[in-house]
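>>> Predicted coordinates and the sequence they were generated for:
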Amino acid sequence: MSLPLIQQYLPGYPAHVQAQVAQLHARGKLGHYFKQRYPQGHAIQSDKALYEFCNGLKQRYLKNAPLLDKVYFDNQLTIERQTLGLNTAISRVQGGKLKAKKEIRISSFFKTTSLEFLTMIVVHELAHLKERNHDKAFYQLCLHMEPDYMQYEFDCRLYLLSLVVDKHPASPAAQLG
Ligand SMILES: [Zn+2]
């Protein structure tokens, strides 16, 4: 695993952390790390279940955020295409008024991950309902919804890196969205 690739997937993390990752990989221990930490999948497989999961978190933590019109798994969002989650406000004319429809799309990739990683990406997209940029206020909102958010984001980046490294050693890093 090359250092530039690690830096791409784990931008802003300290050098000693990046070095540890390279070591884990060199010793063939990355797969073991994930199995041990995140042994279980989850049952959220349909768009309906995803909507309920997402809306449940929103109702609990972001009551004042706009109503979610649509939440669904998207096959088009892939590691190769480099985006794993999207949130959009689509303006549509409805009854003579312009109404913004809030949509959250989550990569179908997360159907097969642990619940922790799905939670991480959902929390990430929900936080974007209120905060546009990846700044301090944004991450505070993420932590408000999921206290282990930072660990999950780190591990999810690491997981993506481990999947990409053997398949597409030269591909650009996937974005969370
Ligand atoms: Zn984002």
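Here it is on my side, so go on.

>>> List the neighbours of the longest helix along the chain that are in contact with it.
Ordering each helix of the chain by length in residues (DSSP state H) puts helix 149-167 first. Contacts with helix 149-167, where a contact means Cβ atoms under 8 Å, 6 or more residues apart in numbering, come from 1, 5-6, 9-10, 13, 21, 25, 30-31, 33-34, 37-38, 79, 113, 116-117, 119-121, 123-124, 139, 142-143, 146, 171, 173-174, 176. Just so you know, the C-beta spots here come from the backbone N, C-alpha and C atoms, and that holds for glycine as well.

>>> Give me the ChimeraX select line for those residues, limited to the buried ones.
Typed into ChimeraX, the line below selects the buried ones among those, using 16 or more other Cβ atoms under 10 Å:
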select :1,5,6,9,10,13,21,25,30,33,34,38,79,113,116,117,119,120,121,123,124,139,142,146,173,174,176
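
>>> Quick one: the helices in this structure, in order.
For the chain, the helices defined by DSSP H occupy 3-9, 15-26, 30-37, 47-61, 115-127, 136-145, 149-167.

>>> and the first one, what other elements does it pack with?
This means helix 3-9. The helices and strands touching helix 3-9, judged by 3 or more Cβ pairs under 8 Å, 6 or more residues apart in numbering; DSSP states H and E, are helix 15-26, helix 149-167.
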